Each structure stands twice: as structure tokens, then as C-alpha cells.
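> I would like the atomic coordinates for the input below:
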Amino acid sequence: MMFQTRLMLTALAVGLTSLSVQADTVSVTVTIQNLSPANSLSFAPLRLGFGNGTFDAFNNGQVATSPIISVAEGGSGTEWFPAFRSAEPNAVLGSVGGALLPGTTASNTFLVDSSVNRFFTFSTMVIPSNDLFLGNDSPTRYQLFDANGNLAITSINQKGRDIWNAGSEAANPLNAAFVVGGNNDLRTSENGVVEFSFSELSAFNGVNTSGGYIFDTQISNDSDIYRISFQSQAVPAPPAVVLGAFGMALVGLVRRRRGNGGEVSDTASEGCF
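Next up, the predicted model:
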């Protein structure tokens, strides 16, 4: 009887250990909202990563490098994702939405180990433009999870003053992204540095956008333009994990009984658990 009790306690301990490991994994739903006025800014897909705070895509006042240029000039992230993966092999990377028109929203859900990937990094191209974007300069700017795996922040709000200019491509509606008839491949180097600025948006007033509207900036420093919201919940351990723990203990019981000629004594179990 004592042996069976010990067996069940051991199986329970294994099951609880499995549940503890599983509890670090949370399901995170990321929702993006375009808060810009009608006929104003749109945004390319949000490129994001849950990481350990190592990957640094750009720095204020410095020349833009290829990872952030891939987002700022075309919204694609073709260089941003590989650079992130190289810096943080265990990061969770992904995208949300397509072209996000004024007043619209989009969501996507990710499985994240909150004990490993506690920080949130993002970038998205502001359109229409040649090289404007939103993103976090410091990779540790947004600590999404606290030490207990709970959400430390529930939203990130962006205003007009948070728009970055990559300083990599001169503003020109004729070769800008999201402009009808524009050819973004015909870029002209600006030879500048990354800085907060959206003043060049005025050059796009009156152009036809790929979103089907005539662009009108209507943005000031204090204008709310973009919001990223987070919801999370723990991912429960599959029943198979707990059942597997008990199964392993039962296998041990059978083997022990065979090793003792079919007899199991309380004494024999004392030194085993």
C-alpha cells in the first residue's frame, strides 16, 4: 500500500513538472488598429518578434541598415526577419495583417515561451511613403511579460511624432510604395540617418493610393495613428502529458514487481523514490 502511494505521488510530481514547463507557454493574440483619419495613413503588414531583447534593427541618428530598410522602403521584412533570427535563434517571429487602411484592424495569434521571449519588437512601413516606418529603437523598450509570465503591457500606442524616417530614400510620389503608378524600384538614395520625422508626407497629398482613396495627411505630432494590443492566456498541458506521467510510473511498477518475483514490499520501495 505504501509503495502504491509513493508511486502515485511520484507520477503526480512528474505530471506537475510537465505542467509547470507547459505553463511558461502562452497564447498571445496581437491586434493592430489603424487609428488614422479617413483618407490618411495606411500601413504595411506588421513585422514582429517575441525575443530576449538582443535584436536591434536600427538606432536613432545612425545610418539605416538593410534589416530596417527592407521594412521602411517596401514593407517586406525580407532582411528584417533573417537578421532577427540570426541574433535570436529562439525568437518567435511573424506578421499581422496586409495593407491596413484607415479605421481597420487585423489580428494574429502566436505561441510564446514567456520565460525566454519576454520582449516585443515590431516594425511596419507607413504608406504612402518612400521610407517612413514605425518601430522600437531599443530592443528592450517593450517588456511584454513579467517574471511570472503575465502581460506587463496590454497595448502600444503610436502617434504622429513616433513616425521614423529611415533617411535611406528620397521622398518622391513617382517611386513611392502604395501610390498608383509609383515604381518603388526606382529609388533615389537620400544618404541620411534614421530620425523622427513625417514632414515629407505632405508631398503625397492629392495622390491616388493603391487603397482606392485620395491621400490627405491630416497628421500632427499628437495624432493617434496606430495601436498594437495584446491578449494572452496560458496553454494547458495536453491530457496526454499527465497520462503519460502516470503511465511511466505504472511501467516502473510492473518492472519492479517482475524483478522481485511478483512481490513488492514496502521495504523494497524505500530507497527508490
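> okay, strands next: where are they in the stretch 1-150 of the chain?
All strands of the stretch 1-150 of the chain, identified by DSSP state E, counting those that start in this stretch, fall at 25-34, 42-43, 46-51, 92-96, 105-113, 119-127, 132-135.
> which among those strands is found nearest to Val207?
strand 119-127 (11.2 Å; CB to CB). Just so you know, the C-beta spots here come from the backbone N, C-alpha and C atoms, and that holds for glycine as well.
> which elements pack onto that closest one?
strand 42-43, strand 46-51, helix 66-74, strand 132-135, strand 224-234 (3 or more CB pairs under 8 Å, 6 or more residues apart in numbering; DSSP states H and E).
> let's see that with 7 Å instead.
strand 42-43, strand 46-51, helix 66-74, strand 132-135 (3 or more CB pairs under 7 Å, 6 or more residues apart in numbering; DSSP states H and E).
> can you put the ones you listed in CSV and add mean pLDDT?
Formatted as CSV, the helices and strands packed on strand 119-127 follow (pLDDT from 0 to 100):
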stretch, mean pLDDT
strand 42-43, 98
strand 46-51, 98
helix 66-74, 97
strand 132-135, 98
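> what's the domain layout of this structure?
2-19+238-270, 27-234 (automatic domain parsing).
> need the winner for burial among those domains.
domain 27-234 (a mean of 18; mean count of other CB atoms under 10 Å).
> from the chain's centroid, how far away is that one?
Taking CA atoms, centre = their mean, to the nearest Å, the mean C-alpha location of domain 27-234 is offset from the chain mean by 12 Å.
> ok, the nearest residue to Asn130 once chain neighbours are set aside to Gly53 distance?
Distances taken as CB to CB, 6 or more residues apart in numbering place Glu169 nearest to Asn130, at 4.3 Å, with adjacent residues excluded. Going from Glu169 to Gly53 by CB to CB, to the nearest Å gives 29 Å.
> is it true that Ile163 touches Gly135?
No - the criterion here is CB atoms under 7 Å, and Ile163 misses it with Gly135 at 10.0 Å.
> excluding covalently adjacent residues, which one is nearest to Ala38?
Of all residues not flanking Ala38 in the chain, Pro102 sits nearest, at 5.3 Å (CB to CB, 6+ apart).
> could you pull out the strands for the stretch 151-273 of the chain?
According to DSSP E, counting those that start in this stretch, the stretch 151-273 of the chain carries its strands in the segments 155-159, 164-165, 195-196, 224-234.
> need those strands in CSV (columns: distance to Val179 and mean pLDDT).
As requested, these are arranged in CSV below (distance: least, CB to CB, whole Å; pLDDT from 0 to 100):
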stretch, distance to Val179, mean pLDDT
strand 155-159, 22, 98
strand 164-165, 17, 98
strand 195-196, 23, 98
strand 224-234, 19, 97
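> which one of those lies nearest to Leu186?
Ranking these by their distance to Leu186 (criterion: CB to CB) puts strand 164-165 first, at 19.1 Å.
> can the strands of the stretch 1-150 of the chain go into a markdown table with extra columns for distance to Tyr226?
Putting those into a markdown table (distance: least, CB to CB, whole Å) gives the following:
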| stretch | distance to Tyr226 |
| --- | --- |
| strand 25-34 | 6 |
| strand 42-43 | 7 |
| strand 46-51 | 9 |
| strand 92-96 | 12 |
| strand 105-113 | 11 |
| strand 119-127 | 8 |
| strand 132-135 | 6 |
